[in-house]
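Enquirer: here is a sequence together with a model predicted from it:
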Amino acid sequence: MILPIYLYGSQVLRTAAQDADLSDREGLRQFVADMIETMHHADGCGLAAPQVGVSRRILVVDGNDLSDRFPELKGFHREMINPRFTFESETTCSYEEGCLSIPNVDAEISRPEKIRVRYVNLDFEEVEESFEGFAARMIQHEMDHLDGVLFTDHASPIRRKMLTGKLMNISRGNVRTRYRVKTDKK
Ligand code: NI
């Protein structure tokens, strides 16, 4: 089922998500399937549960659409329940990011180059895995959503200032998207 995506300005995007209840495996599998369908429908490469209005620590990423630019992302996808960083490198790198909750906005964002994450996968096994390059960036962007942080928060002060008007319009729902969106107001 395709779910509406909450836009910038929605309270749920600014709320730290709670751990998901692992006892409801069927419910979690169905919800993750809905998240993946929603992400693909919107041509996104990642989605976090708060973006569909569910304040739980769940994220999905899929790098296939980016594999022209990043060949290593061909076939790359992860579904993570209750993820936590166990390592973030001191070396950082910078790249342009966007977000389905902040349509038609991009900004250059600096993030740790390498990370290690412990999470529960869709087989309900606890896994610890290292990521680097754009895969690490995608996961960090979605992890931020679980803490109520948006990529624009990391943009340079000048860039943030430039985006103020655009962000204001998005929070009022004044934005065109090919996918269904929601704000707190409508
Ligand atoms: Ni996002």
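Expert: Now that the structure is in, tell me what you want to look at.
Enquirer: hmm, who's touching stretch 126-141?
Expert: 45-46, 59, 61, 63, 66, 69-70, 72-73, 76, 78, 80, 83, 86-87, 93, 95, 97, 99, 111-121, 151 (C-beta atoms under 8 Å, 6 or more residues apart in numbering). Placement of C-beta: from N, CA and C, glycine included.
Enquirer: residues of the longest helix belonging to the chain that come out buried?
Expert: When the chain is parsed with DSSP state H, its longest helix is helix 25-41. Buried residues in helix 25-41, defined by neighbour count with 16 or more other C-beta atoms under 10 Å: Leu28, Phe31, Val32, Asp34, Met35, Ile36, Thr38, Met39, His40.
Enquirer: now the most centrally placed residue in the chain. Its backbone dihedrals?
Expert: With distances taken as C-alpha atoms, centre = their mean, the chain has Glu142 as the residue nearest its mean C-alpha position (2.9 Å). Reported as degrees, to the nearest 10, the phi and psi values for Glu142 are phi -70, psi -40.
Enquirer: now it. Nearest residue, chain neighbours left out?
Expert: Leu59 (3.9 Å; C-beta to C-beta, 6 or more residues apart in numbering).
Enquirer: remind me which helix or strand the one you found belongs to.
Expert: Under the criterion of DSSP states H and E, Leu59 resides in strand 58-62.
Enquirer: does anything pack onto that strand? Which helices or strands?
Expert: helix 25-41, strand 46-48, strand 77-88, helix 133-146 (3 or more C-beta pairs under 8 Å, 6 or more residues apart in numbering; DSSP states H and E).
Enquirer: okay, now Thr152: neighbour count?
Expert: Neighbours of Thr152 under the rule other C-beta atoms under 10 Å: 20.
Enquirer: Arg107 pairs with what?
Expert: To be clear, residue 107 is Ala; Arg isn't right here. Beta-bridge partners of Ala107, counted by DSSP bridges, are Glu97.
Enquirer: got the angle for the longest helix of the chain vs strand 58-62?
Expert: Orientation of helix 25-41 against strand 58-62 (axes from the mean of the first three to the mean of the last three C-alpha atoms, to 10 degrees) gives an angle of 40 degrees.
Enquirer: many thanks, we can stop here.
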